[in-house]
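Asks: output the structure for:
(one chain, ligands or ions: 2)
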Amino acid sequence: MQRSLLALAVYVMAFTVRAHEGMWLPTLLKGIEGDMQAAGLKLTAEDIYSINKGSLKDAIVLFGGGCTAEVIGSQGLILTNHHCGFGAITDHSTVENDLLRNGFWAKDLGQELRNPGLTATFVIRMEDVTDRIVPQLEAGQTEAQRREAVTRLSAPIIKEATEGTHYAAVVRPFNYGNSYYLIVTETFRDVRLVGAPPDGIGKFGGDTDNWMWPRHNADMSLFRIYTGPDGKPADPADANIPFKPRHVLPMSLEGPQEGEFAMIFGFPGNTQRYLSSFAVEYVMEKADPMRIAMRTASLGVIDAAMRSNDRTRLQYADKQAGISNAWKKWIGELRGLKELNTLQRKRDYETAYAAQAREKGQDHYAAVIDQLRTLYGEYIPYATARDLFVEMVYYGPDVLRFADGFQDLIDGHEKLRAEGKLAQAVSDRLSGAEGYFKNHDVAVDKAVFKALLPIYRKHIPAALAPAVLREIDTKYKGSTDAWVDALYARSVFADELRLKAALRNPSAKAMQKLAADPLYRVARSFFSTFLDQVRPQHAAVGDRIETAMRTYVKGMMELYPEKTYWPDANSTLRLSYGQVEGSRPRDGVTYEPFTTLDGVIAKHVPGDPEFNVPQRLIDLHKAKDYGRYGANGTLPVCFTSSLHTTGGNSGSPVLNGRGELIGLNFDRTWESTMSDIQFDPAKCRNICVDVRYILFLIDIYADADHLLKEMTIVEPPVAPHTIELPIHR
Ligand code: ARG
Ligand code: GLU
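Replies: Ligands and ions are numbered 1, 2, ... in the order given. All right, here's what the predicted structure looks like:
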């Protein structure tokens, strides 16, 4: 009897606290408060999001354009990822004072480093304004007319929300424009770098470990928000003072416990949960394979070049990281979608949806499936051409954008001369060119061009190919290599000295010669084909798809009202919940949820660019000097939890049921990356730095314990069976 009760209890536990799909709007948490409390939340919805009192949301920061950070100190100290602070860290680094390699810890406020342009934004409030927008929109409007109408209708709402304040506001569409929210924000403009571990700790494992578990990386950095003397946002200035937060997240010394409730609060960028089978088919059969093939080819060239010498390694580090991050993600996404049989599931769903619609006498919902099929038939050639353009021009040979950048000068030289602005324009170009040639290796660029071109040609719809590519067949017997060799051999854009010479006397004749330059002509052909023949159609059909999707998802909610729905991520504030847990990512494979410093040291490879740990960490490990942050004879480093996340959740706080910080989100496991399209509770896990590793690095490794004084550090609670848990408010 006792035994079966226990089994039942375990079953109920396992059932109620498992992973949950969904990224919830903070204003709608009342509706899932009961579920969250049953799963282990000790707070109320009002503790998480309130417009009447300080709440968790007041500690959540949109960091720069695309990451999340959180307030952890009473003097405006914020925590985010190392890869989110990367730009600031590298900006302050020089060969003599290499903060990236050595780490950086300001000893006091005076040493904190300013970062003009970097911002920290808080959400003041969000409000559903659908009723003030949607009823005013006319049926049959095009998307362009609709956007215009929404802008017009939003203006008074925004004015009313911000008048007499220093706040900004926007009205954003959710659920393909089935609803609209007003979002009022406060943006601070003086955000200073406070601390970052050496990249041997903060980027430990590099690309090899990226998107993978087990992980051993402290992907963290610390910043501080400053305000004007009046406490309001101000440009960076000496007179500025540390920001006074409305809420500071407590740091849990207990750290994450396996099986406990966890939640994440941040700014996820973009998901496509409701995609039709036609779109998924494009992603799986075309977009992902084609983009993976192109990036595999360029990484082959770039990785080899970076290994061959240090100059190229530094020149290409940033570009390589950008190419490889998405490349590795797409490989995981494709595998995950195949394994989940997502395409067939979507098709089956659409069949059932159409049948349900007809049965309920809602034929216009059934019809939308056929509309989407037809629209995707039209859309795919343009989507293909657009995706290929992005890969070729933005992630391919840099010379295409470089040469195209001369268009203003080449086309506008007469006007510039007449206005007396030509000399300045030429000198701007010359200094731009200097930077370009310093940061690029022409041989690598040419090799990337050669590697990508055959893949581009294989996939580009004939009618949307840049006309200039015909030369490959007409003049070069179909040899793309020979064509690229000839372009680089004859173009001044592949040779710094020749380019400088060509610009020495910017006469009309010299400009005509530049206009006929082989790489310039190729670049123009790529750009003008895209701008004239691809982009307008891509946008027009894309708009009609948007209209159809709005009807499609509205139908889902009406035809299957018993299901729960969450709006796709759109860089607005969201909360996901689940628990601290491992996973079973593949047949025969189990992932434990925790890693330790022993694992870091085991991966250490002296001198390796990705796996070289600083000596001080090795020494602290040898001495087992973990202070109060160790557990079970070692130091916890990373953990996984079953929280639904995506890009933009980088730097988001992972909190326990009492709203205390237990971890810092920075990645997903490779087997989770399809969760932007389909979430699988058994597999999808986000990866976090354990709060105890963060505190250890600040307190013991960096000896920056002065920062601890402004934090709220929570001792582990007394065992729950001996005393009632205090509810943290
Ligand atoms: N995969 C993480 C994200 O999507 C971390 C990327 C930064 N790290 C790297 N090795 N490139 O942003
Ligand atoms: N590293 C990602 C970011 O920069 C988060 C990982 C993910 O996509 O889940 O936002």
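
Asks: neighbouring contacts of stretch 81-89?
Replies: 63-64, 66-67, 69, 99-100, 104, 113, 115, 118, 193, 196-197, 199, 202-203, 218-221, 223, 650-651, 664, 666 (Cβ atoms under 8 Å, 6 or more residues apart in numbering). C-betas here are computed from N, CA, C, even on glycine.

Asks: and the residue of the stretch 51-200 of the chain closest to ligand 1?
Replies: Proximity of the stretch 51-200 of the chain to ligand 1 (Cβ to the nearest ligand atom) peaks at H83, 3.9 Å away.

Asks: which element, helix or strand, includes that residue?
Replies: helix 82-91 (DSSP states H and E).

Asks: now do the buried residues in that helix.
Replies: 82-86, 88-89 (16 or more other Cβ atoms under 10 Å).

Asks: name the next helix or strand following it along the chain.
Replies: In N-to-C order, the element after helix 82-91 by DSSP H and E is helix 99-102.

Asks: count of residues packed around the residue nearest to K53 when sequence neighbours are not counted?
Replies: Computed as Cβ to Cβ, 6 or more residues apart in numbering, the closest residue to K53 that is not its neighbour in sequence is E46, at 7.9 Å. Counted with other Cβ atoms under 10 Å, the neighbours of E46 add up to 15.

Asks: and E46, what are its phi and psi?
Replies: phi -70, psi -30 (degrees, to the nearest 10).

Asks: what does Q362 give?
Replies: Dihedral angles for Q362 - degrees, to the nearest 10 - are phi -110, psi 60.

Asks: residues contacting it?
Replies: Per Cβ under 8 Å, 6+ apart, neighbours of Q362: 555, 558-559.

Asks: mind putting the residues you listed into JSON lines with neighbour count, pLDDT and distance to ligand 1?
Replies: Below are those laid out as JSON lines (neighbours: other Cβ atoms under 10 Å; pLDDT from 0 to 100; distance: Cβ to the nearest ligand atom, whole Å):
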{"residue": "G555", "neighbour count": "21", "pLDDT": "98", "distance to ligand 1": "33"}
{"residue": "E558", "neighbour count": "13", "pLDDT": "97", "distance to ligand 1": "36"}
{"residue": "L559", "neighbour count": "19", "pLDDT": "97", "distance to ligand 1": "35"}
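
Asks: from the chain's centroid, how far away is stretch 383-390?
Replies: Here stretch 383-390 is found 20 Å from its chain centre; the criterion is Cα atoms, centre = their mean, to the nearest Å.

Asks: mind listing what's buried in it?
Replies: 383-389.

Asks: tell me which of those residues fall in helices.
Replies: 383-389 (DSSP state H).

Asks: for those, which one is nearest E710?
Replies: Nearest to E710 among these is D387, at 46.9 Å by Cβ to Cβ.

Asks: look up how far D404 lies from that closest one.
Replies: Relative to D404, D387 is positioned 19 Å away (Cβ to Cβ, to the nearest Å).

Asks: CA atoms of stretch 211-226 as PDB?
Replies: C-alpha atoms of stretch 211-226 as PDB (Å, rounded to 0.1, in the frame of the first residue of the first chain):
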ATOM      1  CA  TRP A 211      25.900  23.900 -28.800                       C
ATOM      2  CA  MET A 212      27.100  20.800 -26.900                       C
ATOM      3  CA  TRP A 213      26.700  19.000 -23.700                       C
ATOM      4  CA  PRO A 214      28.700  18.200 -21.500                       C
ATOM      5  CA  ARG A 215      29.800  21.800 -21.200                       C
ATOM      6  CA  HIS A 216      32.500  23.500 -19.000                       C
ATOM      7  CA  ASN A 217      32.400  27.100 -19.900                       C
ATOM      8  CA  ALA A 218      31.800  30.200 -17.600                       C
ATOM      9  CA  ASP A 219      30.100  32.200 -20.300                       C
ATOM     10  CA  MET A 220      29.800  35.300 -18.000                       C
ATOM     11  CA  SER A 221      30.700  38.900 -17.800                       C
ATOM     12  CA  LEU A 222      29.700  41.800 -15.400                       C
ATOM     13  CA  PHE A 223      28.600  45.300 -16.200                       C
ATOM     14  CA  ARG A 224      27.200  48.200 -14.300                       C
ATOM     15  CA  ILE A 225      24.400  50.600 -15.300                       C
ATOM     16  CA  TYR A 226      25.000  54.300 -14.500                       C
END
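
Asks: so for it, mean pLDDT?
Replies: Averaged across stretch 211-226, pLDDT comes to 98.

Asks: same question, stretch 504-518
Replies: So the average pLDDT for stretch 504-518 ends up being 95.

Asks: name the residues that touch that stretch?
Replies: For stretch 504-518, using Cβ under 8 Å, 6+ apart, the contacting residues are 403, 406, 409-411, 413-414, 422, 426, 486-487, 490-493, 502-503, 520-521.

Asks: which of those come close to ligand 2?
Replies: Checked against ligand 2 using Cβ under 6 Å from any ligand atom, these give no members in range.

Asks: give me the buried entries from these.
Replies: Buried members of the contacts of stretch 504-518, scored by 16+ other Cβ under 10 Å, are 403, 406, 409-410, 413, 422, 426, 487, 491-493, 502-503, 520-521.

Asks: which of those sits closest to ligand 2?
Replies: Nearest member of the buried ones among the contacts of stretch 504-518 to ligand 2, counting by Cβ to the nearest ligand atom, is A403, at 31.3 Å.

Asks: packing partners for the helix or strand where that closest one lies?
Replies: Using DSSP H and E, A403 falls within helix 399-404. The contact analysis (3 or more Cβ pairs under 8 Å, 6 or more residues apart in numbering; DSSP states H and E) places helix 399-404 against helix 442-459, helix 518-529.

Asks: how far does that helix sit from the chain's center?
Replies: 26 Å.

Asks: mind listing which of the contacts of Q362 are in helices?
Replies: Short answer: these in helices (DSSP H) are 555, 558-559.

Asks: can you put those residues in CSV and add distance to A433?
Replies: Converted to CSV, these look like this (distance: Cβ to Cβ, whole Å):
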residue, distance to A433
G555, 55
E558, 59
L559, 59
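
Asks: which parts of this protein sit against ligand 2?
Replies: Near ligand 2, the residues belonging to the chain are 645-650, 666-668 when assessed by Cβ under 6 Å from any ligand atom.

Asks: among those residues, name the ones in strands.
Replies: 666-668 (DSSP state E).

Asks: who wins on neighbours among these?
Replies: D667 (30 neighbours).

Asks: the bottom helix or strand of this structure by mean pLDDT?
Replies: helix 2-16 (a mean of 40; mean pLDDT, DSSP states H and E).

Asks: mind checking what helix or strand follows that helix in sequence?
Replies: According to DSSP H and E, the helix or strand after helix 2-16 is helix 33-38.
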